[in-house]
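Trainee: Using only what follows, build the 3D model:
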Amino acid sequence: MRKFKLKKQNKGLTLIETLVAISVLLIGVVFPMSIYSQSITNTRYAGDQITAYYLAQEGVEFIKYKIDTNINGGSGWMSSNLNKCTSGQNCKVDAVYGDVCFQGGPVCDNFLKVNNGLYNYVSGTQTKFKREVDIKQISTNEATITVTVFWENASGTDSVMIKENVYDWR
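Mentor: As a prediction, this is how the structure comes out:
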């Protein structure tokens, strides 16, 4: 009978095997973390975009409210400082305090503030949102309201714009 002698082999990992194992481990850990990080960024951006849409719509609704109040009060439909917004004066509206701000008149801060969940220009914590209103009178009884909300984020300035036509319904 023949006897085989087993040779004792060196056991252990080579440097290349170790590097491959570490690379696989890093890919398994870093890739999910980068996806998680990107999802947080996207969630914040979506939240800012939704807030901006709501702020823009609030600006449109406030201007429509002012027009209806003017008409019901018997004054011109574009009175009570709304006519100042038709001359490119960079108007802002504060729906909480019921004010229309513009250059040369009541002036609002550049950035909206938030106080108890309500956005305004008077009191509270400053936000990153700016809201501008422009009214273009098309005829004696029709105008276009354009409300633009701007905000800063990591990639620069973003904006949301809402346009709506309004009418002197008398």
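
Trainee: Show me where the protein has its strands.
Mentor: Here the chain has its strands, by DSSP state E, at 92-94, 99-101, 113-115, 118-120, 125-126, 129-139, 142-153, 156-167.

Trainee: Residue 131: neighbouring residues, count only.
Mentor: 26 (other Cβ atoms under 10 Å). Placement of C-beta: from N, CA and C, glycine included.

Trainee: Just the pLDDT for the residue nearest to it when sequence neighbours are not counted.
Mentor: Of all residues not flanking residue 131 in the chain, residue 149 sits nearest, at 5.0 Å (Cβ to Cβ, 6 or more residues apart in numbering). At residue 149, the model reports a pLDDT of 95.

Trainee: try residue 41
Mentor: Reported pLDDT for residue 41: 83.

Trainee: Okay, it and residue 71: tell me how far apart.
Mentor: For residue 41, the distance to residue 71 equals 46 Å [Cβ to Cβ, to the nearest Å].

Trainee: the more surrounded of those two?
Mentor: residue 71 (17 against 12).

Trainee: what sits against the nearest residue to that one once chain neighbours are set aside?
Mentor: Among residues not flanking residue 71 along the chain, residue 77 sits closest, at 5.1 Å (Cβ to Cβ, 6+ apart). Neighbour list for residue 77: 67, 70, 71, 141, 168, 170 [criterion: Cβ atoms under 8 Å, 6 or more residues apart in numbering].

Trainee: count of residues packed around residue 66?
Mentor: The local packing of residue 66 (other Cβ under 10 Å) involves 21 other residues.

Trainee: One more: residue 82?
Mentor: 24.

Trainee: just residue 95 next, same as before
Mentor: 18.

Trainee: Just want to check the distance between the nearest residue to it once chain neighbours are set aside and residue 55.
Mentor: Leaving aside its sequence neighbours, residue 95 sits nearest to residue 62 (Cβ to Cβ, 6+ apart; 4.3 Å). Distance of residue 62 to residue 55, computed by Cβ to Cβ: 10 Å.

Trainee: How about the contacts made by the residue lying closest to residue 167 once chain neighbours are set aside?
Mentor: With Cβ to Cβ, 6+ apart as the criterion, residue 167 has its nearest non-adjacent residue at 5.4 Å, and that residue is residue 142. Taking Cβ under 8 Å, 6+ apart, we find residue 142 in contact with 165, 166, 167, 168.

Trainee: I'd guessed the residue nearest to residue 131 sits against residue 130; true?
Mentor: Yes: with contact defined as Cβ atoms under 8 Å, residue 149 and residue 130 form a contacting pair (6.9 Å).

Trainee: neighbour-wise, which of the two wins?
Mentor: Counted by other Cβ under 10 Å, residue 149 and residue 130 do not tie: residue 149 has more neighbours, with 26 against 20.
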